[in-house]
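# sequence-free structure coming up:
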């Protein structure tokens, strides 16, 4: 009995010492990030059978444990990844919004107003060079505003690329760190005896940091059997094994149908913020009649590109030269071709990722695309990464900045087209001696309206006629052609053998040939009043010096001259490359304020073209982006809608950031209530276990005195 009392006292003394030590550790680490409050796993040491009843063997301090709720921690990790994503996205979109903020500085909207005001002013004095110079200044400023805004968006996209690379490097480092901790935890865990609490805390902290970068979930089967995987199921850490993420691309992949004999691959040039899915819908060989064809989706096959009439677009695979090479096809921002010309099979698909993307690497299966993807309806691809800062970087780069840049380019493209469409049919105070086209056609032997021609504004071309008028350079009098016609005559081109231009059949070479034959000089038989050549894919029209004429562009119902950049005000086709024609800067008299009238005269003081361009300020025009076409707004109204969209996206990000922060904070508070150190509670425990220690010591002293008394009886 007395020995039992001594043993009870000894074990109680040891347990109290353990508790005091743990309490001291808790107090010392009260402010240590990631520290989980410790406690002693204390259990009854059992009893032995003895009279007058079971005799206790004391207490066992089994092991030191940590307060931890796995369910709460997993819940917090899931929520914190959303909080990190939206907080980062909100911060970045503030910088994006500043690009469109005109409250403290002049921007595109005010520059547009001044540009159209410049044309309206020119209508008052069409021949005044001061007004013309002022107009050029306003146009230059507008072009600079478009290009600087586009450059700002691209700069943010480049910053996102840097952040993406840094985040992926950190994710891989954390994954390796967690795998190493799993190894150490396995080594240092002895069931029921020893728990590597510090290592477990470190692992939890790494998982939290990992979740702030990318959405992950964990599976803990004890010891080092701990798995971290993307929420889409791809494991990053399995015990001590690691699968890394990698930034790759641009790249393409082939997904051939069962039984396909196609041996080639897809190729592309250009960049875009959308992934392209190319689906073969008509099989065969390039050059067949009809040729093979494909359709294109920019949202993984949910929808397919359609034309302005809502019809699904089909792109033909051709080999015009018969040289065994597929003709490149312009599809949105990419030039697409194939490396083999035959055995195209219905159902063959090819994926194009024309920008850098995020890939999960598994050695036996190859890279798997997990790049965050936002569809046109605003929903996100749930089979891809959707959380963490990494998602915010991709979303800002591809969806936000990519969409804004697409719309900004669409506004600029529409402005360029509408102004050039009118200007190309007008005339200045001087006639033209030559007109250099500013738009390049990649394939001069392909119909200009086909995707194979690869030229800006090909989709704007229409069937119709083009008129050019001639004037004696000495007298300025109108000069008629030998045929009495001032219209380009395409009847010699078969098919279709019609007088009018047809974008579905006529090539740039056809246009060049027709210009060289349509205007025979009535005063000099055998001479054509114009000479046209193609230089690096651009059309050059020159007055024949032997005919002593200059020329003026007239009514063009086709849009051909505007599309080729002949007698146009702007060059370029987007916000990035928009500029005022250098020919106009060299000679302001070529600014087309007037037009050739019904009497074949271009009168001084005429303002018909300037008036029409000035009216574009309020005219409803067509603005087409990758995912929509709007025809019920003016250029200024469409741009205002874009600015509103940017602001709405920023507000949405802020709202989501606040919402998810509130949820994450609540869960963090609940986790802290379990794992956090309360100094008042620890001080109370310290006093309690100090008393326990004193009591245990007193028990030993008492047992010793009883034993001494018992031994004294013998004397």
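Cool, got the structure. Bear in mind the structure is a predicted one, so any value in this text is a computation, not a measurement.

# okay, CA-based contacts and neighbour counts for the rest of this
OK.

# pretty sure residue 453 belongs to a strand, no?
No - read with DSSP: H, G, I helix; E, B strand; the rest coil, residue 453 is coil and lies in no strand.

# right, and it touches residue 443 too?
Yes - the criterion here is C-alpha atoms under 8 Å, and residue 453 meets it with residue 443 at 4.8 Å.

# Comparing these two, which shows the higher neighbour count?
Set residue 453 next to residue 443 and count neighbours by other C-alpha atoms under 10 Å: residue 453 wins out with 23 against 19.

# what pLDDT does the more buried one get?
Per-residue pLDDT puts residue 453 at 94.

# Would you mind listing the residues in contact with it?
329-330, 441-447 (C-alpha atoms under 8 Å, 6 or more residues apart in numbering).

# Contact partners for the residue nearest to residue 68 when sequence neighbours are not counted?
Leaving aside its sequence neighbours, residue 68 sits nearest to residue 675 (C-alpha to C-alpha, 6 or more residues apart in numbering; 5.8 Å). Residue 675 makes contact with 35-37, 66-68, according to C-alpha under 8 Å, 6+ apart.

# for residue 181, same thing?
Counting by C-alpha under 8 Å, 6+ apart, residue 181 has contacts 199-200, 202-203, 224.

# Okay, helices next: where are they in the stretch 351-500 of the chain?
For the stretch 351-500 of the chain, applying DSSP state H, counting those that start in this stretch gives helices covering 388-394, 401-423.

# I should have written the chain there, sorry.
Taking DSSP state H as the criterion, the chain carries its helices at 2-28, 70-100, 108-122, 129-188, 197-213, 388-394, 401-423, 508-518, 560-564, 582-586, 608-614, 635-675, 679-713.

# of all those helices, which lies closest to residue 241?
helix 129-188 (6.4 Å; C-alpha to C-alpha).

# where's that closest one relative to the chain centroid, distance-wise?
10 Å (C-alpha atoms, centre = their mean, to the nearest Å).

# What are the contacting residues of stretch 25-32?
35, 37-38, 676-679, 682.

# could you redo the last one with a cut-off of 6 Å?
37, 677 (C-alpha atoms under 6 Å, 6 or more residues apart in numbering).

# what's the answer for stretch 338-352, then?
252-257, 260-262, 264-267, 275-286, 326.

# buried subset of these?
Buried subset of these (neighbour count, 16 or more other C-alpha atoms under 10 Å): 252, 256, 262, 266-267, 275-286, 326.

# So which of those belong to strands?
252, 266-267, 276-282 (DSSP state E).

# From these, pick the one nearest residue 109.
residue 276 (32.8 Å).

# OK, contacts around residue 569?
Residue 569 touches 420, 581, counting by C-alpha under 6 Å, 6+ apart.

# any idea how far it is from residue 426?
Residue 569 is 10 Å from residue 426, where distance means C-alpha to C-alpha, to the nearest Å.

# how long is stretch 537-553 end to end?
21 Å.

# Can you point out the buried residues in that stretch?
For stretch 537-553, by 16+ other C-alpha under 10 Å, it's 537-544, 547, 549-553.

# Same question for stretch 17-29.
Under 16+ other C-alpha under 10 Å, the buried positions of stretch 17-29 are 17-24, 26-27, 29.

# Which residue in the residues you listed has the weakest pLDDT?
residue 18 (80).

# What does the closest residue to residue 325 other than its chain neighbours show for phi and psi?
Leaving aside its sequence neighbours, residue 325 sits nearest to residue 319 (C-alpha to C-alpha, 6+ apart; 6.0 Å). Main-chain dihedrals, residue 319, degrees, to the nearest 10: phi -140, psi 80.

# how close does residue 319 get to residue 463?
25 Å.

# number of nearby residues for the closest residue to residue 142 other than its chain neighbours?
Distances taken as C-alpha to C-alpha, 6+ apart place residue 111 nearest to residue 142, at 5.3 Å, with adjacent residues excluded. Using other C-alpha under 10 Å, residue 111 has 20 other residues around it.

# go on, residue 685?
So residue 685, with other C-alpha under 10 Å, has 16 neighbours.

# distance of it from residue 416?
Applying C-alpha to C-alpha to residue 685 and residue 416 gives a distance of 78 Å.

# tell me the contacts of residue 580?
With C-alpha under 6 Å, 6+ apart, residue 580 has these contacts: 570-571.

# correction: residue 126
605, 607.

# One more pass at 7 Å, please.
593, 605-607 (C-alpha atoms under 7 Å, 6 or more residues apart in numbering).

# Do you know the pLDDT at it?
pLDDT, read off for residue 126, is 96.

# can you list the domain ranges for the chain.
1-66+675-714, 126-136+406-635, 249-353 (the TED database).

# For residue 162, which of the ones you listed is the nearest?
domain 249-353 (14.4 Å).
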